[in-house]
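*Asks:* Sequence isn't available, so here's the structure alone:
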């Protein structure tokens with residue numbers, strides 16, 4: 001009986017030891033996972049807002065608090081799958097992993113080689129499509145369906161016009177994407193390209209020459225633009241540091257002109273885009289036949305440039321950098337220096 005009791009006692013000891021070993025292993029596993037993600041309450045909260053399959057990705061580099069107009073949002077330190085509406089170019093300029101964007105990005109000639117793997121999510125962003133892409137971060141310019149998107153993944157609302165120049169824009173999105181070093185690399189390359197472009201124009205452009213940006217719509221409306229409304233304003237007035245027409249102050253980012261007022265806002269060099277989605281061409285034909293248009297000094301000196309809308313409308317940092325060469329080439333070609 002003693003032998004039997006001893007055997008039973010031995011078995012019981014083994015069971016207890018095995019139980020303790022299993023408990024210890026389970027505890028170590030949980031601890032390791034918490035250490036990898038930081039394990040804070042804020043991170044847990046941030047991961048719970050992500051799409052189910054995005055939680056692990058979002059936790060790879062931890063989470064952080066990002067302040068927005070909608071309040072604080074817990075976002076991944078290093079997002080792996082980003083869906084956006086109109087900030088595709090801004091995010092791509094810092095090498096961010098964009099997986100979904102609005103439709104017009106695919107007509108952006110400066111981004112064609114950077115859109116591999118990027119899918120059309122529609123506008124407003126289709127929530128079902130966004131969910132299928134399993135984003136760990138969503139960045140929007142417009143808050144049409146902000147609440148719905150926030151249930152899919154952490155969503156940052158950055159209103160249009162938050163940043164007003166290339167440097168601020170690139171740094172803003174470099175911060176969001178966890179790519180601050182790439183942001184500084186882009187800015188350095190941009191500044192070097194701009195400086196080289198200004199050098200090319202020395203001796204070609206008089207320091208008192210003025211440069212204006214205009215757009216004709218399919219309704220026959222004529223507009224002029226400043227340095228932060230697309231159409232090349234960032235290139236002409238910031239990168240190339242050229243003068244705007246005296247009447248067009250820095251405050252006039254968009255200003256509609258009548259034909260009577262046009263001569264007051266005309267420039268020595270005039271760059272015109274035409275918004276004509278149906279490609280009718282009738283409004284541009286009417287403008288070119290206008291006595292007022294033909295009486296402008298720029299028209300008489302062959303310094304009006306008729307430019308493609310899709311190419312020059314773009315205002316993301318990559319497009320702006322690409323437009324530098326286009327503007328310089330136009331000016332040099334018309335001056336016979338190219």
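*Replies:* Sure thing, it's come through. What you are looking at is a predicted structure, and each value in this text was computed from that prediction instead of being measured.

*Asks:* ok, residue 209 to residue 252 distance?
*Replies:* Distance, residue 209 to residue 252, using Cβ to Cβ, to the nearest Å: 19 Å. Every residue, glycine included, has its C-beta placed from N, CA and C.

*Asks:* ok, and the closest non-adjacent residue to the residue at minimal distance from the centre of the chain?
*Replies:* The centre of the chain sits closest to residue 90, judged by Cα atoms, centre = their mean, with a distance of 2.2 Å. Closest residue to residue 90 apart from its sequence neighbours, by Cβ to Cβ, 6 or more residues apart in numbering: residue 173 at 4.6 Å.

*Asks:* part of a helix, is that neighbour?
*Replies:* Yes: assessed by DSSP: H, G, I helix; E, B strand; the rest coil, residue 173 belongs to a helix.

*Asks:* Number of residues surrounding it?
*Replies:* 28 (other Cβ atoms under 10 Å).

*Asks:* ok, now the one 5 residues further on?
*Replies:* Per other Cβ under 10 Å, the neighbour tally for residue 178 reads 19.

*Asks:* Quickly note the distance from it to residue 239.
*Replies:* Relative to residue 239, residue 178 is positioned 27 Å away (Cβ to Cβ).

*Asks:* coming back round to it: let me know whether the residue nearest to the centre of the chain touches residue 166 as I believe.
*Replies:* No: between residue 90 and residue 166 there is no contact under Cβ atoms under 8 Å: 10.0 Å.

*Asks:* Skip ahead from the helix or strand containing the residue nearest to the centre of the chain and say which helix or strand is next.
*Replies:* Assignment of secondary structure by DSSP states H and E places residue 90 within helix 88-92. Note on helix 88-92: by DSSP H and E, the next helix or strand toward the C-terminus is strand 98-101.

*Asks:* who does that next one touch, helix- and strand-wise?
*Replies:* Using 3 or more Cβ pairs under 8 Å, 6 or more residues apart in numbering; DSSP states H and E as the contact test, the elements touching strand 98-101 are strand 82-84, helix 88-92, strand 119-120.

*Asks:* Now residue 89. Nearest residue, chain neighbours left out?
*Replies:* With Cβ to Cβ, 6+ apart as the criterion, residue 89 has its nearest non-adjacent residue at 2.5 Å, and that residue is residue 316.
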